[in-house]
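K.L.:
what's the 3D shape of this:
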Amino acid sequence: MIERDSAIVELEWNDSGDVITSGMLGDAVAQLLEYFEGRRQTFDLPLQPRGSDFQQKFYAALCAIPFGETRTYGDLAADLGVSAQAIGQACGANPIAILIPCHRVLGATGLGGFSGAGGVEAKVELLKLEGAASLLI
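P.N.:
The predicted structure is shown next:
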């Protein structure tokens, strides 16, 4: 994770094994571990992703999708007054995947993509973790 001005600006995917245990980033690691253990459904962390005014509105819309629920690219496009393609591009540019839950956005007839490590397979696992796997059938 990358922190700037006391907020998370990016979630890096790596296998370094380095675990941060103190400060705000330590809190973020602890909350992510709780999420993956099935003990957390929301995050209480300061996030400050880079992006345009549209992207900031988009990130807020993603954060409003409840745990275990999904929306389609078209749903978000209608809500934000943009094209579904713009939503897909914004998902792909999300620098804080999982904490800003782009995995909860699906295509009208399929999964769509996923910008985090592991691609679509990781998206499926995150949706299963949240109990939204029945939406995949």
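K.L.:
quick check: buried residues in the longest helix along the chain?
P.N.:
Looking across the chain with DSSP state H, the single longest helix is helix 23-36. For helix 23-36, a neighbour-count test (16 or more other Cβ atoms under 10 Å) marks 25, 27-28, 31-32, 35 as buried. Backbone N, C-alpha and C define where each C-beta goes, glycine included.
K.L.:
could I get those as TSV with distance to residue 72?
P.N.:
Putting the buried residues of helix 23-36 into TSV (distance: Cβ to Cβ, whole Å) gives the following:
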residue	distance to residue 72
25	33
27	32
28	29
31	27
32	26
35	23
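K.L.:
so what does the closest residue to residue 11 other than its chain neighbours look like in phi/psi?
P.N.:
Spatially, and ignoring its direct neighbours in sequence, residue 11 is nearest to residue 96 (4.9 Å; Cβ to Cβ, 6 or more residues apart in numbering). The phi and psi values for residue 96, taken as degrees, to the nearest 10, are phi -130, psi 60.
K.L.:
hang on, residue 107 packs against residue 73?
P.N.:
Yes. Look at residue 107 against residue 73 with Cβ atoms under 8 Å: they come within range, at 6.1 Å.
K.L.:
the two: which has the busier surroundings?
P.N.:
residue 73 (21 against 13; other Cβ atoms under 10 Å).
K.L.:
report the contact partners of the more buried one.
P.N.:
Under the criterion of Cβ atoms under 8 Å, 6 or more residues apart in numbering, the neighbours of residue 73 are 84, 87-88, 91, 105-108, 112.
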